[in-house]
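Participant: predicted model, plus sequence, below.
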Amino acid sequence: VVGPEKFGRFYLRELLNSGGMADIWLVSDERRKNYALRRLKKELRFNFTARRRFTRGNEILAKLSGCQNIVGYVEHGSDYLLMDYVEAENLKQLFARHDPVLTENVSQILIDMAVGLSHVHESGYMHLDFKPENVLVSRNGSVRLIDFDLAQPIPEKPKKMSKNPGTPGYMAPEQITDASSVDIRADIYSLGATLYYLLTGRPPFQAKSRHEVYQAHISRIADPLNQVRPDVPALLAALVARMLAKDPAERLQTPGEVALALKPFW
C-alpha cells in the first residue's frame, strides 16, 4: 500500500487552499503533529521574481511572530513556509457557505483584523494585500492574518515600488495611480474594503474588467453600507466610508485608531 505523498520530512494530508502563487496543505510529521504548509507552485519554482517575493514574505512573517492575530510561524525554505495549523476558513470561503448577515462573532472579527494589522504596522511593515482571502477565521471566531508576499517596510520617504501591488477589488487608489506614494494608509483603505465585504458579502466596487475596478477606486464613491445593508448603524457606515476616502489624509491614519473606533458599536 502506497502511503501519503511526502514533502521533506512531512506527509501531505489534505490540500486546504490554492492561490495564485502557492498551495496550502495540511501536513503532519512523524510524530503526527499537524502543520499548515504553504508550498510555492511548481510552475513558479524557477521564477526568480516569484521565489524572491515568496521568500521575502516568509522572512517578514517570521519577524511578526508572537501576535495572536497573525498566523504562527514555524520555519521556511526557498519554496515553502511551515505554519501553525488552525482549523479555519478565510473570509471568502466562510461567505461561500454563510450569509454575511447571519455570520456570528462579526464584531470580534472586525476588531481582530484591525489589531492584527496594527501589529504589522507597529513592526514596521505594510501588508499591501489585505483582503478576505488573507484573513483566516477559526470556528471560535479568532482571526489570523496570512500571506505577506507583497508586504514592504514602511518607507521613511517616497519609494519606487512595483506597479499596482495588491488585489484589484481591495486596492487603495494611490496603489493604482502612484505606487511611490503608498504608505500604511493604503492598508487602512484595504481594511475598509474588507470590512465592507464582511458586512455585505461583496467588495465596494464590482465591474466586468480590472480597468473598470481601478477606475471605480479612483473616482467613484462606494454605496453607503447602511444603504446596502439597512441594519448597519449609520455611524459604522460613516466610519467605513472614511476608511475608503480617496485622499489618504481623510482616512483614519492607523489600524489602532480603527480598532478603537469600532469598539463602541458592540
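Facilitator: Thanks, I have the structure now. Numbers count the residues shown, from 1 in each chain.
Participant: pLDDT weak spots in the stretch 151-266 of the chain?
Facilitator: Along the stretch 151-266 of the chain, segments meeting pLDDT under 70 span 158-164, 266.
Participant: do a quick rundown of the strands in it.
Facilitator: Listed in chain order, the strands of the stretch 151-266 of the chain (DSSP state E, counting those that start in this stretch) span 152-153.
Participant: so what pLDDT did R31 get?
Facilitator: Per-residue pLDDT puts R31 at 88.
Participant: number the residues from 555 up from this point.
Facilitator: With 555 as the first residue, the last one maps to R585.
Participant: state the distance from it to F564.
Facilitator: Going from R585 to F564 by Cβ to Cβ, to the nearest Å gives 11 Å. (C-beta placed from N, C-alpha, C; glycine too.)
Participant: okay, these two: which has more neighbours?
Facilitator: Ranked by neighbour count (other Cβ atoms under 10 Å), R585 and F564 place F564 first, with 22 against 5.
Participant: can you show me the helices along the stretch 705-820 of the chain?
Facilitator: 727-731, 739-754, 764-773, 779-782, 788-797, 809-816 (DSSP state H, counting those that start in this stretch).
Participant: who's in contact with the fifth one?
Facilitator: When contacts are defined by Cβ atoms under 8 Å, 6 or more residues apart in numbering, helix 788-797 is touched by residues 742-743, 745-746, 749-750, 753, 775-776, 778-781, 804-806, 812, 815-816, 819.
Participant: can you point out the buried residues in that helix?
Facilitator: Buried residues in helix 788-797, counted by 16 or more other Cβ atoms under 10 Å: L790, A791, L793, V794, A795, M797.
Participant: alpha carbons of stretch 728-739, in CSV - could you do that?
Facilitator: The C-alpha trace of stretch 728-739 is given here as CSV (Å, rounded to 0.1, in the frame of the first residue of the first chain):
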residue,chain,number,x,y,z
GLU,A,728,-2.8,55.5,-4.7
GLN,A,729,-1.6,51.9,-5.3
ILE,A,730,-3.1,52.3,-8.7
THR,A,731,-2.1,55.8,-9.6
ASP,A,732,1.2,56.4,-7.8
ALA,A,733,2.8,53.4,-6.1
SER,A,734,5.7,55.6,-4.9
SER,A,735,3.3,57.5,-2.6
VAL,A,736,2.0,54.4,-0.8
ASP,A,737,2.2,54.2,3.0
ILE,A,738,0.3,52.5,5.8
ARG,A,739,-2.9,54.4,4.9
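Participant: check which residues of it are buried.
Facilitator: Buried, per 16+ other Cβ under 10 Å, within stretch 728-739: E728, Q729, I730, A733, S735, V736, D737, I738, R739.
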